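Student: Sequence first, predicted coordinates after that:
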Amino acid sequence: METNNIIETNLLSIGYQHTNTVAEAISIQIKKAKLVAIIGVNGSGKSTLLKTLSGIQPALSGNFFLNGKAFQNYNNQSLASLISLVLTQQNFSKNLSVLEFISLGRHPYTNWLGITSRADKKIIARAIQQVGIENLKGKKCDELSDGQLQKVMIARALAQNTPVILMDEPTSHLDMYHKAQVLHLLKNITQETQKSIVFATHEINLALQLCDQIILIHQGKVVQGSPSELIQQKVLLDLFPKDLIVFDEISKSFRMSNKKKHSD
Ligand SMILES: Nc1ncnc2c1ncn2[C@@H]1O[C@H](COP(=O)(O)OP(=O)(O)OP(=O)(O)O)[C@@H](O)[C@H]1O
């Protein structure tokens with residue numbers, strides 16, 4: 001199938017076989033070089049959608065295409081050269097140096113001994129330079145701050161050199177400045193490398209300002225569009241109970257409600 005979409009789903013249902021359907025009838029399209037945020041309240045299904053798109057969690061039903069080819073027609077090796085997944089709680093030996101950890105991103109391409117070639121080393125060096133962490137190369141991963149570790153994770157995904165990077169909450173545990181810094185970095189990466197980055201986030205205000213596209217999961221349904229399309233469609237107005245948080249259409253951001261609660 002000839003397509004401009006790097007990811008496309010058609011009436012996809014996601015969830016867990018023996019417990020529940022988390023969201024259904026998901027039809028989304030993601031083009032190259034886009035920064036895409038998945039938003040929704042706690043438990044709405046952001047991580048489940050990422051896990052399904054990466055192949056960790058099987059879809060319950062529906063169709064899913066990567067680069068125009070049905071997902072089930074890829075083997076693990078070819079998937080690893082198309083999609084990298086960055087999870088917040090990743091299990092890895094923190095005893096590794098930053099350089100060793102980022103080099104693991106080349107794993108799908110290295111030979112059976114796991115030896116990196118000169119070309120691999122070039123890609124690793126470029127990933128480190130793109131993220132701006134040359135000064136951290138020799139450090140052990142357990143010597144890093146949360147913000148530094150987040151950048152190292154991004155560099156490893158870049159070293160994997162896939163056209164799609166999926167990330168679960170890349171800004172969790174970061175202060176306001178570093179949240180904005182990491183999201184700007186992701187935006188620059190999509191523009192400079194033509195990769196698409198799809199990430200789950202609770203930073204809705206930042207996502208509305210920076211992202212090309214938003215995937216909103218709300219009560220089992222998924223709406224996709226540019227930030228301005230979602231604002232026009234008014235789908236953000238009912239995201240949270242209005243007693244505490246409201247969407248301000250003028251500033252295009254969520255803010256504390258001015259309403260005085262009777263119970264206060
Ligand atoms: N392994 C699992 N087995 C069964 N149900 C699960 C599993 N993981 C998550 N769920 C359920 O699926 C739903 C969606 O969870 P998910 O983690 O995808 O939400 P989320 O939007 O990422 O939440 P948060 O913002 O809190 O991280 C929740 O009801 C959760 O309890």
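Tutor: Arrived safely, thanks for sending.

Student: for the stretch 51-200 of the chain, what spans make up the helices?
Tutor: Under the criterion DSSP state H, counting those that start in this stretch, the stretch 51-200 of the chain contains helices at 76-80, 98-103, 118-131, 146-160, 176-193.

Student: Now render those as CSV, adding mean pLDDT.
Tutor: Below are the helices of the stretch 51-200 of the chain laid out as CSV (pLDDT from 0 to 100):
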stretch, mean pLDDT
helix 76-80, 87
helix 98-103, 91
helix 118-131, 89
helix 146-160, 89
helix 176-193, 93
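
Student: CSV for those helices, including mean neighbour count and distance to the ligand?
Tutor: C-beta here means a position set from N, CA and C on the backbone, and glycine is covered the same way. CSV is the format used below for the helices of the stretch 51-200 of the chain (neighbours: other C-beta atoms under 10 Å; distance: least, C-beta to the nearest ligand atom, whole Å):
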stretch, mean neighbour count, distance to the ligand
helix 76-80, 13, 20
helix 98-103, 21, 24
helix 118-131, 17, 25
helix 146-160, 23, 16
helix 176-193, 16, 16
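
Student: Columns distance to residue 8 on top of these, output as JSON lines?
Tutor: Output for the helices of the stretch 51-200 of the chain, formatted as JSON lines (distance: least, C-beta to C-beta, whole Å):
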{"stretch": "helix 76-80", "distance to residue 8": "16"}
{"stretch": "helix 98-103", "distance to residue 8": "30"}
{"stretch": "helix 118-131", "distance to residue 8": "27"}
{"stretch": "helix 146-160", "distance to residue 8": "21"}
{"stretch": "helix 176-193", "distance to residue 8": "18"}
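
Student: Of those helices, which is nearest residue 86?
Tutor: Within these, the stretch nearest residue 86 is helix 146-160; the backing value is 4.9 Å (C-beta to C-beta).
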